[in-house]
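Participant: I would like the atomic coordinates for the input below:
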Amino acid sequence: MTALLVAIDGPSGVGKSTTARALAQRLSIPYVDTGAMYRAVALACLRAGVDPNDSDRVADALQRTDVGPGTRDGIFVVELDGVELGDEIRTSEVSLATSRVSVHPVVRERLVELQRQFGRRHGGVFEGRDIGTVVFPEAEHKFFLEASPRVRAERRHLELQQRGETLDLDRLEAELRERDERDRTREHSPLRADDTYVRIDTGRLLAEEVIELLIEHIRTAQNQ
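Facilitator: Modelled structure (predicted):
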C-alpha cells in the first residue's frame, strides 16, 4: 500500500505547522516539519560563524554537518550532529538566517532528498514551501495556506512574546514581506501554487476550522 502523503505549502506565519501537526494526528501519520530541517542548517551556519548569504561557505558547512530527520516514539524529529533540536531553532535570528540559507541549491537538493526518503518510508503530512511542487509533486492531497502579511506578523509577534522575545510589529511585517519576495523569486524551488492545490485563506479562520476544511477535502477525494 502506498504511504499517504499530504503536502501543505505556503508562506511563513499562515499556520502551516499548527495545521499540519493536528492533521497528522487525525490521520495517524507522521507530521514532518521540513522547515525545521532548513532551520537546523541555518543554526549550524550561525554556530560556525558562516555568513548565510555565502553559498560556498554554506555548502562547506553543510558538508560537515549531519542533519538527520527521524522519529522518536512515532514523532518526527530533527537532529543536528546527533542532538535533537527544540526551541533553539525558533528564534528570530535563526528565522532570518533560514530564509537566506534556503535559497542555495546545494541546501535544497540535500534536504529534499532526505525528505523524499523519509516520506517514501513513512508517509506523512509534510509542510513547507515547495512540498507539492518539488518534493512530492505526486502527492494526492495538496493544500496552499495563505494570509495577509499583517495578520501573519501579528501571529508571529504573539509567538515571540510568549517566548519572552520582543520585536517591533512593523519590523516583523517588513521581514515577512522581504522573505515572501525572496521565496517567490528565487531561482531554485520558488514558493508557488499551481492548479493541483486547494488554496485556503487562514486569515479569518480558527485553527480547528482550517483543519476541518482539510479533513473534508481529503475524505471527499478518497471517496471519489
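
Participant: In three-state terms, how would Gln189 be classified?
Facilitator: For residue 189 the amino acid is Ser, not Gln. Secondary structure, DSSP: H, G, I helix; E, B strand; the rest coil: Ser189 is coil.

Participant: Find the nearest non-adjacent residue to it, please.
Facilitator: Asp130 (4.1 Å; Cβ to Cβ, 6 or more residues apart in numbering). Yep, even glycine has a C-beta here, placed from its N, CA and C like the rest.

Participant: swap in Glu178?
Facilitator: Closest to Glu178 by Cβ to Cβ, 6+ apart is Ser99, at 7.9 Å.

Participant: which residues sit in contact with the residue nearest to Ser189?
Facilitator: Shown in contact with Asp130 (Cβ atoms under 8 Å, 6 or more residues apart in numbering): 9, 108, 112, 189-191.

Participant: before we move on, back to that, hmm, who's touching whichever strand or helix holds the residue nearest to Glu178?
Facilitator: In this assignment (DSSP states H and E), Ser99 forms part of helix 92-101. Here helix 92-101 makes contact (Cβ under 8 Å, 6+ apart) with 12, 35, 38-39, 41-43, 45-46, 52-53, 58, 88, 107, 160, 165, 167, 175, 178-179, 182-183.

Participant: please redo it, this time with the cut-off set to 6 Å
Facilitator: Applying Cβ atoms under 6 Å, 6 or more residues apart in numbering, the external contacts of helix 92-101 come out as 38-39, 41-43, 45-46, 52-53, 58, 107, 167, 179, 182.

Participant: what's the answer for stretch 161-170, then?
Facilitator: So stretch 161-170 is contacted by 92, 153, 157, 160 (Cβ under 6 Å, 6+ apart).

Participant: rerun that using 7 Å as the cut-off
Facilitator: 92, 153-154, 157, 160 (Cβ atoms under 7 Å, 6 or more residues apart in numbering).

Participant: Stretch 62-73 too?
Facilitator: 30, 37, 40-41, 44, 76-82, 106-107, 110-111, 114, 118.

Participant: now do 8 Å
Facilitator: Under the criterion Cβ under 8 Å, 6+ apart, residues 30, 32, 37, 40-41, 44, 76-82, 84, 106-107, 110-111, 114-115, 118, 122 lie in contact with stretch 62-73.

Participant: Turn the buried ones among these into a named ChimeraX selection, would you?
Facilitator: Remark: buried members of those, expressed as a ChimeraX selection using 16 or more other Cβ atoms under 10 Å:
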select :30,32,37,40,41,44,76,78,80,106,107,110,111,115,118,122
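
Participant: What about the contacts of stretch 62-73, which are in strands?
Facilitator: Within the contacts of stretch 62-73, residues falling in strands by DSSP state E are 32, 76-80, 84.

Participant: which stretches of the protein have low pLDDT?
Facilitator: Counting by pLDDT under 70, the chain has low-confidence residues at 1-2, 74.

Participant: residue boundaries of the strands in it?
Facilitator: Under DSSP E, the chain gives strands at 5-9, 31-33, 67-72, 75-80, 83-84, 124-128, 141-146, 198-201.

Participant: Format those as a markdown table; extra columns: distance to Ile218.
Facilitator: Listed next are those as a markdown table, based on distance: least, Cβ to Cβ, whole Å:
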| stretch | distance to Ile218 |
| --- | --- |
| strand 5-9 | 7 |
| strand 31-33 | 15 |
| strand 67-72 | 22 |
| strand 75-80 | 19 |
| strand 83-84 | 30 |
| strand 124-128 | 10 |
| strand 141-146 | 5 |
| strand 198-201 | 10 |
